[in-house]
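**Q** got a structure for you, letters missing:
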């Protein structure tokens, strides 16, 4: 792993555990085993480091979305999207929790406003393209509801309930959207 990736990895973990505002650059230096000068060589500010992390997670979302386009029917695409969401929720718990935290915090939301809008637009358009084939008249509303439902699941699983029945909810969601 190169030094820039070490910095991003360490900052991602620390921002997830402690929050962006509660993580000084000196702690990122310590965790990544690099100097402040090296961090500021790659990132002009702490905000730029946060933007890099958010951009990388957006790229991951885009890659997952593009790699899952193997099914023919909208129903198959939707079920694949649900499967992918629950898999990522379990595998990348820290990264998803970080994303929820930085999107919900007013200061980080300001720093990332353009990137959040870009990502949200991509997600909405991807979901809408699936629902357009299922119910073209209601595709926009169905897309917003579907995204809100998944966001709510992620929020409850990651931040609210210790004993969250994730697998049972996954089965319920799959059954609901299989009809």
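**A** Cool, got the structure. Since this is a predicted model, take the numbers as computed values, not measurements.

**Q** these two touch, right, residue 55 and residue 116?
**A** No: with contact defined as C-beta atoms under 8 Å, residue 55 does not reach residue 116; the gap is 11.1 Å. No exception for glycine: its C-beta is placed from N, CA and C like everyone else's.

**Q** Compare those two (neighbour count), which wins?
**A** residue 116 (18 against 14; other C-beta atoms under 10 Å).

**Q** Let's see the pLDDT reported for that one.
**A** Residue 116 is assigned a predicted lDDT (pLDDT) of 95.

**Q** Distance of it relative to residue 88?
**A** Using C-beta to C-beta, to the nearest Å, residue 116 is found at 18 Å from residue 88.

**Q** now swap in residue 64 and tell me
**A** Distance from residue 64 to residue 88, by C-beta to C-beta: 7 Å.

**Q** Next: residue 144.
**A** 20 Å.

**Q** do residue 168 as well
**A** In terms of C-beta to C-beta, residue 168 sits 18 Å off from residue 88.

**Q** just the helices in the chain please.
**A** 3-18, 25-32, 36-42, 46-67, 74-91, 93-104, 106-111, 113-134, 139-155, 166-177 (DSSP state H).

**Q** ok, and for the shortest one, which residues are buried?
**A** It stands for helix 106-111. Residues of helix 106-111 classed as buried: 108, 111 (neighbour count, 16 or more other C-beta atoms under 10 Å).

**Q** Can you tell me what sits against stretch 145-157?
**A** Residues outside stretch 145-157 that contact it (C-beta atoms under 8 Å, 6 or more residues apart in numbering) are 85, 89, 96, 100, 123, 124, 127, 131, 164, 166, 169, 173.

**Q** One more: stretch 40-52?
**A** 3-4, 7-8, 11, 15, 20, 25, 28, 39, 102, 108, 111-112, 115.

**Q** now do 10 Å
**A** 2-5, 7-8, 11-12, 15, 20-21, 23-25, 28, 34-35, 39, 98, 102, 107-108, 110-112, 114-115 (C-beta atoms under 10 Å, 6 or more residues apart in numbering).
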